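# have a look at this prediction, sequence included:
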Amino acid sequence: MSGDGRRYKSVNVGLVAPEPIRRAGLLSVFENHPYIRIIRGELEQLVADGSLQYLILDLSSNSGWIKVLFSIRRRRRDIRQIIVGPSGDEEHVLQALSAGARAFLDSNSGPLAVRQAVECVIDGTIWAPRRLMSVLIDRLLVSVANPNVRFNHAEREPSALTSSASTLSPREAEVLKLIALAHSNREIAQMLGIEERTVKAHVANLFRKTGMESRVSLLIQATQQKQQIDPDAN
């Protein structure tokens, strides 16, 4: 996914990476970047900095990484987390997004992927592998049609369907899928062969039916509303 192409004068992004070699690698990604400035520090120090709104966390060697994410989310709901986590399990991506992360990169991600992920988060969207976007969209579609559905987190299937709410039309579902892939209204209109004003009407309907107010909030609902409970909540 890519952002909307905006550029900024300067954006400070915190970095927590305990291992020196990995920290050096992440720092090198943003050397001479036109608008991203990396601020290194300890987790507590960076989370306490109220002016910092973006945070890269290398948790790939931390077995309790999911609890770390929830802990940050409880203290700083405004901070946007970019996670470098364990590799090899797609469920880790969904867990990270459900815990409040805006991007998840596994430990094998290359420099270009890291840079793109951070830029996308700064541009106000969610970064995740395209193969998982369909999972997120499916969860959102189910939640719109069945507001009381609860997902079995291990099986990724709805365990109960009760009352139903407004459902999306086939065209609205198409528009939603293209929104999830970060396409603009103009691009969606071209891809579907319809007027841009028609796309805007479909987007307005999506916001009305889901109760969301922005494109990114649609995906946040898909990742957070119907997934796992905070492991420390009980």
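Received it, and whenever you're ready, just let me know what you need.

# give the buried residues for stretch 35-54.
Of the residues in stretch 35-54, those with enough neighbours to count as buried (16 or more other C-beta atoms under 10 Å) are 36, 38-39, 43, 46-47, 49, 52-54. From N, CA and C alone the C-beta is placed, and that goes for glycine too.

# so which of those residues belong to helices?
Judged by DSSP state H, helices contain the following of the buried residues of stretch 35-54: 43, 46-47.

# check what pLDDT residue 16 gets.
Confidence at residue 16, expressed as pLDDT, is 93.

# if you average pLDDT over the helix or strand containing residue 28, what comes out?
For residue 28, the host element (DSSP states H and E) is helix 20-29. Here helix 20-29 scores 91 as its mean pLDDT.

# return the set of buried residues in it.
23, 26, 29.

# and the buried residues of stretch 35-54 as JSON lines, adding distance to residue 114?
Shown next, in JSON lines, are those (distance: C-beta to C-beta, whole Å):
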{"residue": "36", "distance to residue 114": "11"}
{"residue": "38", "distance to residue 114": "11"}
{"residue": "39", "distance to residue 114": "16"}
{"residue": "43", "distance to residue 114": "19"}
{"residue": "46", "distance to residue 114": "18"}
{"residue": "47", "distance to residue 114": "21"}
{"residue": "49", "distance to residue 114": "22"}
{"residue": "52", "distance to residue 114": "18"}
{"residue": "53", "distance to residue 114": "18"}
{"residue": "54", "distance to residue 114": "13"}
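
# format those as TSV; extra columns: pLDDT and distance to residue 212.
Putting the buried residues of stretch 35-54 into TSV (pLDDT from 0 to 100; distance: C-beta to C-beta, whole Å) gives the following:
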residue	pLDDT	distance to residue 212
36	94	28
38	95	32
39	95	31
43	93	30
46	95	29
47	94	27
49	93	29
52	93	26
53	92	21
54	95	22
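
# in strands only, show me those.
36, 38-39, 54 (DSSP state E).

# between the buried residues of helix 20-29, which is nearest residue 208?
Comparing the buried residues of helix 20-29 against residue 208 with C-beta to C-beta places residue 29 closest, at 39.9 Å.

# the closest one and residue 114 touch, don't they?
Yes: Residue 29 lies in contact with residue 114 (C-beta atoms under 8 Å); the separation is 5.0 Å.

# which stretches of the protein form helices?
Using DSSP H, helices in the chain cover 20-29, 43-48, 65-75, 90-98, 111-122, 130-145, 170-180, 185-192, 196-210, 215-224.

# ok, residue 109 to residue 42 distance?
Residue 109 is 23 Å from residue 42, where distance means C-beta to C-beta, to the nearest Å.

# distance of residue 42 relative to residue 20?
14 Å.

# before we move on, what about residue 84?
To residue 20, residue 84 is 15 Å away according to C-beta to C-beta.

# no more questions from me, cheers.
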